[in-house]
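Sequence first, then the predicted structure:
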Amino acid sequence: MIRIISNKKAERIIKRYQEWIDTVAQRYRVPSAVIKAILYMEMTRMDILDPLVDLIVGTHLFTRKDSSTGYAQIFAYVGVNAVNFAVDEGLADYRKLNIPCNHRLDSGDPKDIRTMWKYLHRNPEANIEIAVLNILCAAKEMTGRTDFASFSEYELKLVLTRYNANTDHITAYGEEAYGHYLRYLNN
């Protein structure tokens with residue numbers, strides 16, 4: 001794997017978006033250390049193929065309609081599901097998120113997938129905010145709640161794992177992300 005974002009560059013990007021990370025952390029009551037851990041994990045795993053796949057999706061080449069995109073490496077269908085979760089929970093609405101649509105997004109509708117993909121791909125702050133909504137969605141799915149202060153170490157590792165994988169057990173990703181969470185928590 002040829003990585004395109006080094007550890008140092010990931011740290012610089014996180015520092016560049018620190019104010020925005022703090023804003024969405026406060027808005028959605030997700031610890032900024034959780035957000036930073038996810039961003040760090042996702043950015044440092046981006047390889048040379050990621051921008052190529054984004055190019056294919058962005059230009060409608062071949063039949064590929066979705067890809068993980070942006071600093072948080074979110075698929076459009078995941079973004080749609082996270083936004084719909086947040087809307088259903090009363091945490092957000094399409095207008096405040098500046099999503100260009102006038103209806104509930106449908107992860108099965110190619111036009112809605114396209115709208116979300118462009119939204120995630122073109123706007124780093126939107127990408128980070130939707131990542132936070134996805135973290136909340138993962139928390140609710142894995143623990144039944146979104147109160148991060150109440151999570152045990154095990155539960156937080158489950159949430160971190162779920163961000164990256166559709167599984168109900170802790171993976172190496174969740175373990176490593178938890179280590180970065182602790183690092184950011186102590187900075």
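Received the coordinates, thanks. Not measured: the values here are computed from a predicted model.

residues in contact with the residue nearest the centre of the chain?
For the chain, the residue nearest the mean C-alpha position is residue 131 (2.4 Å; C-alpha atoms, centre = their mean). If you count contacts by C-beta atoms under 8 Å, 6 or more residues apart in numbering, residue 131 has them with 35, 38, 39, 42, 71, 72, 74, 163. No exception for glycine: its C-beta is placed from N, CA and C like everyone else's.

Just the element for it, please.
helix 124-143 (DSSP states H and E).

Using PDB, write out every CA atom in that helix.
Only the C-alpha atoms of helix 124-143 are listed here, as PDB (Å, rounded to 0.1, in the frame of the first residue of the first chain):
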ATOM      1  CA  PRO A 124     -13.800  19.000   4.100                       C
ATOM      2  CA  GLU A 125     -15.900  20.500   6.900                       C
ATOM      3  CA  ALA A 126     -19.000  18.800   5.700                       C
ATOM      4  CA  ASN A 127     -17.100  15.500   5.500                       C
ATOM      5  CA  ILE A 128     -16.000  15.900   9.100                       C
ATOM      6  CA  GLU A 129     -19.500  16.800  10.300                       C
ATOM      7  CA  ILE A 130     -21.000  13.800   8.500                       C
ATOM      8  CA  ALA A 131     -18.300  11.600  10.100                       C
ATOM      9  CA  VAL A 132     -19.500  12.800  13.500                       C
ATOM     10  CA  LEU A 133     -23.100  11.900  12.600                       C
ATOM     11  CA  ASN A 134     -21.800   8.500  11.500                       C
ATOM     12  CA  ILE A 135     -20.000   8.100  14.800                       C
ATOM     13  CA  LEU A 136     -23.300   8.900  16.600                       C
ATOM     14  CA  CYS A 137     -25.100   6.400  14.500                       C
ATOM     15  CA  ALA A 138     -22.500   3.800  15.200                       C
ATOM     16  CA  ALA A 139     -22.700   4.600  19.000                       C
ATOM     17  CA  LYS A 140     -26.500   4.100  19.000                       C
ATOM     18  CA  GLU A 141     -26.200   0.900  17.000                       C
ATOM     19  CA  MET A 142     -23.500  -0.600  19.200                       C
ATOM     20  CA  THR A 143     -24.600   0.600  22.600                       C
END
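
from the chain's centre, how far out does that helix sit?
5 Å (C-alpha atoms, centre = their mean, to the nearest Å).

Now do that helix, average pLDDT.
Summarised as a single mean, pLDDT over helix 124-143 is 97.

Can you list the buried residues in that helix?
124-139, 142-143 (16 or more other C-beta atoms under 10 Å).

go on, stretch 101-111?
105, 107.
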